[in-house]
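Participant: Take a look and give me a structure for this.
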Amino acid sequence: MKHVIQCRRGLYRAISKFRTEEKGCIAFIGGSITEMNGYTALSEKMIRARFPRCKFNFINAGISSTCSNTGAFRIGRDVFAKDTPDLLFIEFAVNDNQDGHLKPAETIRAMEGMVRQALARNPQMDIVFLYSANESHNESYRNGKAPAEIRAMEKVAKYYGLPSVNFAADVGARLAAGEFDWIKDFGGVHPAPFGNRIYCGHIETLFEKARKQRGNMPEIPAGLMDGNSLVHGCFIDPGTADRDENWEFGIPRWEGLPGEKRERFTSLPTLFTTTPGAELFLEFSGSAIGFFLTAGPDAGTVEYSIDGGGFQSADLYHPYSAGLHYPYTKMLADTLSPGSHTLILRVAEKHHEKSCGNAVRIIAFAENPGTPLKKNTFRVTVRKIKKTESL
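Facilitator: You can find the predicted model right below:
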């Protein structure tokens, strides 16, 4: 169990509040493994049983397919706009691996961004990283090496002294020992009840270990791991962009489009076009710019220029776009200099060879406003969240 649960600064503050004040808020943010009726529901039941006199508000902010970078842009809206957690669980290891294929530096910027946003909201918040399992993780552990995204997340957890629960390491070890079958018993990436009980059991063990901890907790590090971490990450209304007559802002006409659609997104106001050459202009600030979109069988390619520089190309067609209008965040830049910037984005004539169109459907722009924070300059502040329609 030592390789699975790292208690570090523990859960002392959250547990103390649950016991003494008898009220608390616990939030989960992650992908479909968090969103589904699985380990989160079991964990809620387990936590209520551990603190029967405590009145809890649980927030499940899981959204299928989303990675840690999307998490950093939406955590203000999907978690902090609803309540201020005493305890926050963050689960993105699988999606950073199989959906976003994020580089370790991108994972670090996103995970640190969420941690900093959480501590700015409530410096007493306890935060736990959860690392779920998939086939790639199983193979990595079978070969004796931790997956790259989990190593990146652990760097953030160690730097801030945060507890982490490595479900994937335990599952990998037990699969190698022949204890159970990945599909028939565990249930695969989206666990069956058997697998979810394993995940919940580890969270319960973390509570039991943390229950025994006492004393002062470590101070929040003064400096950032990465000056471009998404510490102010947020989504902004796509309707604020200046655009030509080829764009529409509203609800796309989904009924005539090929590919599956997720109901969560089909009613959201969207900035969309299918016309090559359609162009928009956006003013933004800070180190990062991108957009959250749905990319289906007809996903196009965009060309973009930042601050009047040369145009670059970004293919929006995702490996999962063939049969689904797939939701993800397309990053255009994440290491820009401080200050104000401009974006010109236009739809390219060409598109991915597997795509059947030039569609661009933007649900929100993603930015990291403000001056990128240098090491030794971080101050815990609360940034007001501009609310847009919840995903």
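Participant: For residue 150, see how far away residue 133 is.
Facilitator: 10 Å (Cβ to Cβ, to the nearest Å). Every C-beta, even on glycine, is put in place using the N, C-alpha and C of the backbone.
Participant: Show me the common contact partners of these two, please.
Facilitator: Common contact partners of residue 133 and residue 150 (Cβ atoms under 8 Å, 6 or more residues apart in numbering): residue 168.
Participant: Residue 30: how many residues sit nearby?
Facilitator: Residues lying near residue 30 (other Cβ atoms under 10 Å) number 27.
Participant: I'd say it and residue 130 touch.
Facilitator: Yes: contact criterion Cβ atoms under 8 Å: residue 30 and residue 130 qualify, at 7.2 Å.
Participant: Find residues that contact each of the two.
Facilitator: 89, 90, 91.
Participant: Which ones among the residues you listed lie within strands?
Facilitator: Within those, residues falling in strands by DSSP state E are 89, 90, 91.
Participant: Could you rank these by neighbour count and give me the top one?
Facilitator: residue 90 (30 neighbours).
Participant: you'd agree that residue is up against residue 30?
Facilitator: Yes: using Cβ under 8 Å, residue 90 is in contact with residue 30, at 6.7 Å.
Participant: residues shared between the contacts of the two?
Facilitator: 71, 130.
Participant: quick one: buried residues of stretch 15-26?
Facilitator: 15, 17, 18, 24, 25, 26 (16 or more other Cβ atoms under 10 Å).
Participant: beta partners for the fourth one?
Facilitator: Under DSSP bridges, the beta-bridge partners of residue 24 are residue 56.
Participant: Would you confirm that residue 306 contacts residue 331?
Facilitator: No: in this structure, residue 306 is not within contact of residue 331 by Cβ under 8 Å, at 11.9 Å.
Participant: ok so residue 28 is a helix residue?
Facilitator: No: counting by DSSP: H, G, I helix; E, B strand; the rest coil, residue 28 is not found in a helix; it is strand.
Participant: Helices along this structure, start to end?
Facilitator: 12-20, 32-35, 39-50, 68-75, 93-98, 104-121, 135-142, 148-160, 167-176, 193-211, 263-266 (DSSP state H).
Participant: deepest of the ones you listed, which one?
Facilitator: helix 68-75 (a mean of 30; mean count of other Cβ atoms under 10 Å).
Participant: For it, give me every contacting residue.
Facilitator: 29-30, 61, 63, 66, 90, 92, 95-96, 100, 102, 106-107, 109-111, 113-114, 117-118, 230, 233-235, 290, 292, 328-329, 331, 364, 366, 391.
Participant: ok, so what distance separates the nearest residue to residue 235 once chain neighbours are set aside from residue 269?
Facilitator: Distance criterion Cβ to Cβ, 6 or more residues apart in numbering; nearest residue to residue 235, sequence neighbours excluded, is residue 364 at 3.7 Å. Using Cβ to Cβ, residue 364 is found at 10 Å from residue 269.
Participant: likewise residue 27?
Facilitator: Counting by Cβ to Cβ - residue 27 and residue 269 are separated by 26 Å.
Participant: what separates stretch 271-285 from the chain centre, distance-wise?
Facilitator: 25 Å (Cα atoms, centre = their mean, to the nearest Å).
Participant: ditto for stretch 19-27
Facilitator: Put simply, stretch 19-27 sits 24 Å off its chain's centre (Cα atoms, centre = their mean).
Participant: Could you tell me the end-to-end distance of it?
Facilitator: Its first and final residues considered, stretch 19-27 spans 18 Å by Cα to Cα, to the nearest Å.
Participant: now what about it, what contacts it?
Facilitator: So stretch 19-27 is contacted by 14, 17-18, 44, 47, 51, 53-61, 79, 83-89 (Cβ under 8 Å, 6+ apart).
Participant: related to what we said a few turns ago, can you work out which residues contact both of residue 306 and residue 331?
Facilitator: Joint contacts of residue 306 and residue 331 (Cβ under 8 Å, 6+ apart) are residue 289.
Participant: ok, now which ones touch the closest residue to residue 188 other than its chain neighbours?
Facilitator: Leaving aside its sequence neighbours, residue 188 sits nearest to residue 182 (Cβ to Cβ, 6+ apart; 6.4 Å). Taking Cβ under 8 Å, 6+ apart, we find residue 182 in contact with 135, 138, 171, 175, 188.
Participant: mind showing which ranges of the stretch 1-150 of the chain have poor pLDDT?
Facilitator: For the stretch 1-150 of the chain, applying pLDDT under 70 flags the ranges 1-2.
Participant: what does the stretch 201-350 of the chain give?
Facilitator: 214-218.
Participant: how about 80 then?
Facilitator: Along the stretch 201-350 of the chain, the parts satisfying pLDDT under 80 run over 213-218.
Participant: Domains in this protein, by residue range?
Facilitator: Per the record, the chain has its domains at 5-211, 234-367, by automatic domain parsing.
Participant: is residue 303 in a bridge, and if so with what?
Facilitator: Counting by DSSP bridges, the residues bridging with residue 303 are residue 313, residue 346.
Participant: What is the burial count for it?
Facilitator: Neighbour count for residue 303, taken as other Cβ under 10 Å: 18.
Participant: swap in residue 100?
Facilitator: 24.
Participant: which one is it nearest to, not counting chain neighbours?
Facilitator: Going by Cβ to Cβ, 6+ apart, residue 100 has residue 67 as its nearest residue, at 3.6 Å.
Participant: will you turn the buried residues of stretch 15-26 into TSV that also has distance to residue 318?
Facilitator: Listed next are these as TSV, based on distance: Cβ to Cβ, whole Å:
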residue	distance to residue 318
15	41
17	41
18	41
24	38
25	34
26	32
